[in-house]
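S.K.: sequence and predicted structure, then a few things I'm wondering about:
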Amino acid sequence: MAAPAETAPAKYLLPRHVGPWSLDDVLSLPEDNSQRVELVDGMLLVSPLGSYAHQQLVGRSFAALLNACPRDLEATVELNVLLSSGRLVIPDFTVVRPREAGVMFPVSDVVLVGEVFSPSTRLNDEGLKRSLYAQAGIPYYLMVDPEPGVVEATLLELQGEEYVEIATSEDGVLEVERPFPVTIRF
């Protein structure tokens, strides 16, 4: 009788890890362009990169913000934002006060974060990340929802400790005055 064949060890997208994750753990992970890895209180939030339609909406939002930004602000995509020592997030797009920064950008210079909802991120974007962004004091949160058929976008402004809706899109167009005047066509 032949001996059973050896099976190859299972492959993991992330290395085995015991206990809570730290910033150092996350930053030491190998570069992986197929997924986004964020850290919240010792837990990883791992999601695939967005679909073509998702990336189109990110691109349109970014381009409009970039073209409308006043000189003291800059629009970016997929920036590592350090909310606190145990919280590292990667919004789809941001508006920041430019500064020298390493791998992680400090939340103190973030003016606006934006997320385009997708099936794998919707719950986190609507709930957890909204709460984290508010706790971190980010003045504006732009949520883009492609699900209704016509893209719906909502701009929230931090008032006290909570976000309050200050603008919503109409027929796939969002026009806002704060934090600066911009029109985004989805």
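M.R.: Thanks, I have it.
S.K.: show me what Thr154 is bridged to.
M.R.: Met143, Thr168 (DSSP bridges).
S.K.: wait, it sits on Tyr163?
M.R.: No. Contact criterion C-beta atoms under 8 Å: Thr154 and Tyr163 do not qualify, at 9.5 Å. C-betas here are computed from N, CA, C, even on glycine.
S.K.: the two - which one has more neighbours?
M.R.: Between Thr154 and Tyr163, counting by other C-beta atoms under 10 Å, Tyr163 is the more crowded of the two (21 against 16).
S.K.: not counting its neighbours along the chain, what's nearest the more buried one?
M.R.: Of all residues not flanking Tyr163 in the chain, Leu156 sits nearest, at 3.6 Å (C-beta to C-beta, 6 or more residues apart in numbering).
S.K.: per-residue pLDDT, that neighbour?
M.R.: Per-residue pLDDT puts Leu156 at 98.
S.K.: number the residues from 257 up from this point.
M.R.: Sure, I'll start counting at 257 from here, so that last one is Leu412.
S.K.: ok so Thr332 is a strand residue?
M.R.: Yes. Counting by DSSP: H, G, I helix; E, B strand; the rest coil, Thr332 is found in a strand.
S.K.: isn't Val296 right next to Gly342, touching?
M.R.: Yes. The criterion here is C-beta under 8 Å, and Val296 meets it with Gly342 at 7.3 Å.
S.K.: burial count for the residue nearest to Asp281 when sequence neighbours are not counted?
M.R.: Nearest residue to Asp281, sequence neighbours excluded (C-beta to C-beta, 6+ apart): His273, at 6.8 Å. His273 has 11 neighbouring residues, counting by other C-beta under 10 Å.
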